[in-house]
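Participant: The amino acid sequence is not available; the structure is as follows:
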């Protein structure tokens, strides 16, 4: 099947009260339009066939083009906002011969590829319309079917009689139809209505009039076809998406201490017996090995944690790789380029950046380790910093296996501490410390007897 997808994304989104085009607002960390494009592209990964995507843009057109410049989609601009039928008509030059046209909306971000597949399969001989059942359909156009179940009309709320208002099946606006029919019918639509607009729904009336059967496909989940017109609706769909993520994680065996308090803004792959506490955020590509435990209020972004690692509360891990049975936090920050070998420990109020911490080594308290290579079984005392930046260049600190760095030490890079060496507490190290040496670099202590403290002047 040849599929030409048309995504309508020209609206301003006045109720969002934002300078950002509505379709660029995120759901689950991805612009709404990006989610719709992703669902459409996934059609080509199954058995549906060749897919090309045209995005109809208008308000904030250049921002939308720039954001999706590398997405492989085509853009056409709707310079005047004259309705959905007019918007789809702008894409007619991109319709391919014999293609089925699938009309989607850039502000309906949770539509599923599987639903679109079903809709396309139903459109082989005529239009197929996606609908949904709602407990309260007030304000929506009702789907009227004949005795055989074929769609006969879409009746707007204001035009519906008492019997029609009892119908709970409503129109979503998502449509699949043979492209040659749309190319013929769209230019012939009338704008003889109160708004003076060309409605895509009039295609259904035209189809029925010409005795071309219209099939209705009912979506399983109302959130899947819900649109975003306000911040409140955006927040509602965000929670709906996160509920789906939480349910999928729990179905895969992950323990979520509160499924309502987790946010996934990317992909999260978990091994067996993973536990995640409340208020955790996962961004980008995150992988957690068997038995990993994540404490409350943590942020993990583009990182991999091997089996048995424990992350204590309020920690941040970004672009880092963590080995097995490591301990991180509480209040630790692993910045990009951090690599922890098996059994390493990064404790409370410790920050690392572009640092390799060897097997079994410990940085327990209140330290900064940046641009550093730390060997195995090293102990780094509280308050230690690697002075890696001279105001212009970054330099490296190398600490050998089994070295002991005393508390409140400053290691001024470039510098190397040999294996088994000891640095006395409070030292500022500016040159190499050889294997098994003791380095002490601090002012000599003086104790003055009979010293009088200053007193406040009267």
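Facilitator: Done, it's in. Nothing here was measured: the structure is a model prediction, and the numbers come from that model.
Participant: where are the low-confidence patches of this protein?
Facilitator: Residues of the chain that meet the criterion pLDDT under 70 lie in 46-48.
Participant: Mind naming the longest helix for it?
Facilitator: helix 231-251 (DSSP state H).
Participant: Distance of the residue nearest to residue 424 when sequence neighbours are not counted relative to residue 13?
Facilitator: The shortest distance from residue 424 to any non-neighbouring residue, by C-beta to C-beta, 6 or more residues apart in numbering, is to residue 440 (3.8 Å). Just so you know, the C-beta spots here come from the backbone N, C-alpha and C atoms, and that holds for glycine as well. Between residue 440 and residue 13 the computed distance is 65 Å (C-beta to C-beta, to the nearest Å).
Participant: Please point out which parts of stretch 441-455 sit buried.
Facilitator: Within stretch 441-455, the residues that count as buried by 16 or more other C-beta atoms under 10 Å are residue 441.
Participant: same question but for stretch 381-398, I mixed them up
Facilitator: Buried residues in stretch 381-398, counted by 16+ other C-beta under 10 Å: 381-388, 396-398.
Participant: before we move on, the earlier item: would you check that the residue nearest to residue 424 makes contact with residue 429?
Facilitator: No. Assessed by C-beta atoms under 8 Å, residue 440 is found out of contact with residue 429, at 9.6 Å.
Participant: Show me which of those two is the more surrounded one.
Facilitator: Ranked by neighbour count (other C-beta atoms under 10 Å), residue 440 and residue 429 place residue 429 first, with 24 against 12.
Participant: Which residues are in contact with the residue nearest to residue 424?
Facilitator: By C-beta atoms under 8 Å, 6 or more residues apart in numbering, the contact set of residue 440 is 423-424, 427.
Participant: so how far is residue 163 from the residue nearest to residue 146 when sequence neighbours are not counted?
Facilitator: Of all residues not flanking residue 146 in the chain, residue 152 sits nearest, at 5.1 Å (C-beta to C-beta, 6+ apart). Separation of residue 152 from residue 163 (C-beta to C-beta): 14 Å.
Participant: These two: who's more crowded?
Facilitator: For residue 152 versus residue 163, neighbours defined as other C-beta under 10 Å are more numerous around residue 152 (16 against 8).
Participant: What helices and strands are in contact with the helix or strand hosting that one?
Facilitator: For residue 152, the host element (DSSP states H and E) is strand 151-155. Counting contacts by 3 or more C-beta pairs under 8 Å, 6 or more residues apart in numbering; DSSP states H and E, strand 151-155 is packed against strand 142-145, helix 202-209.
Participant: rerun at 10 Å
Facilitator: In terms of contacts (3 or more C-beta pairs under 10 Å, 6 or more residues apart in numbering; DSSP states H and E), strand 151-155 is packed against strand 128-133, strand 142-145, strand 169-178, helix 202-209, strand 215-218.
Participant: Rebuild the ones you listed as CSV, extending it with mean neighbour count and distance to residue 231.
Facilitator: Shown next, in CSV, are the helices and strands packed on strand 151-155 (neighbours: other C-beta atoms under 10 Å; distance: least, C-beta to C-beta, whole Å):
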stretch, mean neighbour count, distance to residue 231
strand 128-133, 23, 23
strand 142-145, 20, 28
strand 169-178, 23, 22
helix 202-209, 19, 32
strand 215-218, 19, 29
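Participant: Include distance to residue 41 when you put those into CSV, please.
Facilitator: Output for the helices and strands packed on strand 151-155, formatted as CSV (distance: least, C-beta to C-beta, whole Å):
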stretch, distance to residue 41
strand 128-133, 18
strand 142-145, 28
strand 169-178, 16
helix 202-209, 25
strand 215-218, 21
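Participant: Which of those sits closest to residue 104?
Facilitator: Nearest of the helices and strands packed on strand 151-155 to residue 104, taken as C-beta to C-beta: strand 169-178 at 6.1 Å.
Participant: Tell me the buried residues in the next helix or strand after that closest one?
Facilitator: For strand 169-178, the following helix or strand on the C-terminal side (DSSP H and E) is helix 179-185. Neighbour counts over helix 179-185 (16+ other C-beta under 10 Å) mark 179, 181-183, 185 as buried.
Participant: before we move on, back to that, correct me, but the residue nearest to residue 146 touches residue 214?
Facilitator: Yes. Look at residue 152 against residue 214 with C-beta atoms under 10 Å: they come within range, at 7.7 Å.
Participant: what residues do these two have in common as contacts?
Facilitator: Both residue 152 and residue 214 are contacted by 143, 145-146, 204-205, 208, under the criterion C-beta atoms under 10 Å, 6 or more residues apart in numbering.
Participant: In strands, which of the contacts of residue 440 appear?
Facilitator: Mapping these onto strands (DSSP state E) picks out residue 423.
Participant: Name the member of the contacts of residue 440 with the most neighbours.
Facilitator: Ranking those using other C-beta under 10 Å puts residue 423 first, with 27 neighbours.
Participant: ok so, going back, which members of the buried residues of stretch 381-398 are the farthest-apart pair?
Facilitator: Greatest spacing in those, by C-beta to C-beta: 382 and 396 (22.5 Å).
Participant: List the beta-bridge partners for the closest residue to residue 218 other than its chain neighbours.
Facilitator: Closest residue in space to residue 218, ignoring its immediate chain neighbours: residue 131 at 5.4 Å, by C-beta to C-beta, 6+ apart. On the basis of DSSP bridges, residue 131 is bridged to residue 171, residue 218.
Participant: Show the contacting residues for residue 309.
Facilitator: Residue 309 neighbours (C-beta under 10 Å, 6+ apart): 288-294, 317, 322-328, 340, 342-344.
Participant: Make sure residue 368 is actually in contact with residue 351.
Facilitator: Yes. Taking C-beta under 10 Å as the definition, residue 368 is a contact partner of residue 351 at 5.0 Å.
Participant: Report the set of residues contacting both of those two.
Facilitator: Residues touching both residue 368 and residue 351 by C-beta under 10 Å, 6+ apart: 333, 335, 385.
Participant: What strand or helix carries the spatially closest residue to the second one that is not a sequence neighbour?
Facilitator: If I follow you right, that is residue 335. Excluding the flanking residues, the one nearest residue 335 by C-beta to C-beta, 6+ apart is residue 353, at 3.9 Å. If you go by DSSP H and E, residue 353 is part of strand 351-357.
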